[in-house]
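Visitor: Requesting a structural model of the entry that follows:
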Amino acid sequence: MELDAYLSRIRPYAKGCPDQVIRNYLIITLRDICHRANIWRHSDKLFMVKGIKDYTLTAAAGSEIATVQNLLREDGTRLQSRDLLPPYITAGTPRFYRHYQTSELTVAPVPDKGVMYDIELTLMPAFSATEVPDDLANLTLEFACWGVMADLQMMPDEPWTNPQLGEVNRQKYEKELNRKRIRGLVGVSGGEQSVTRRRFV
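Guide: So this is what the prediction gives:
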């Protein structure tokens, strides 16, 4: 779906705001949603080469990698994500990974043989994107606009400035984003969930 499909929902609440400014804030908002809610998922393969610990990941045109959700060995064992990798003197089977600068990945220990791994990614729109997948658009078309409007309406001294309405839109945006994030973590439930206390035996 073209990003311009979002603009018609935003323009009436930001009269006089240039379309390019709206698009810029829209990309920032969509990136925030993808990064925090993990709703644009992508699975791929990564071949680790013997003796190589650093890898550059690639994403489809118009997208960037937000997070590496999982890196799995052939037997299904997950590597652990670490901000700081433990030092290893000898090569071996990788147990840890570090994802940084959008596309860079480092593993530890250094692989002692070439093996194919499954990698699960969360993508986000690149700053140059002009469209997003229809699935992503369907999930974000309404509430992403609230996030954009909140940012625009908080701008000082503009014809579209409206801090009170901006705060309302910010709360609506954060509430829906949290719902999407929780749904992404625990899955979809068709009904209300409740907890019943029971005596411990």
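Visitor: quick one: least confident helix or strand in this protein?
Guide: helix 163-186 (a mean of 89; mean pLDDT, DSSP states H and E).
Visitor: what's the distance between A14 and M149?
Guide: Per C-beta to C-beta, to the nearest Å, A14 is found 7 Å from M149. Quick note: C-beta positions are derived from backbone N, CA and C, even for glycine.
Visitor: So in terms of bridging, what pairs with F47?
Guide: With DSSP bridges applied, F47 shows beta-bridge pairing to M116.
Visitor: Now do the same contact list for it.
Guide: G114, V115, M116, Y117 (C-beta atoms under 8 Å, 6 or more residues apart in numbering).
Visitor: So the first one sits against L46, correct?
Guide: So that's G114. No - contact criterion C-beta atoms under 8 Å: G114 and L46 do not qualify, at 11.4 Å.
Visitor: Could you check which of the two has the larger neighbour count?
Guide: L46 (18 against 11; other C-beta atoms under 10 Å).
Visitor: For that one, which residues are in contact?
Guide: By C-beta under 8 Å, 6+ apart, the neighbours of L46 are Y55, L57, L71, L105, M116, Y117, D118, I119.
Visitor: same deal with I10?
Guide: I22, L26, C145, V148, M149, L152.
Visitor: All the strands of this structure, in order from the start?
Guide: Secondary structure of the chain (DSSP state E): strands at 41-48, 54-56, 63-72, 80-81, 96-100, 104-108, 115-125.
Visitor: Show me what the second one is packed against.
Guide: For strand 54-56, the elements it packs on are strand 104-108, judged by 3 or more C-beta pairs under 8 Å, 6 or more residues apart in numbering; DSSP states H and E.
Visitor: list the buried ones in the strand it packs on?
Guide: Under the neighbour-count criterion of 16 or more other C-beta atoms under 10 Å, strand 104-108 has L105, T106, V107, A108 buried.
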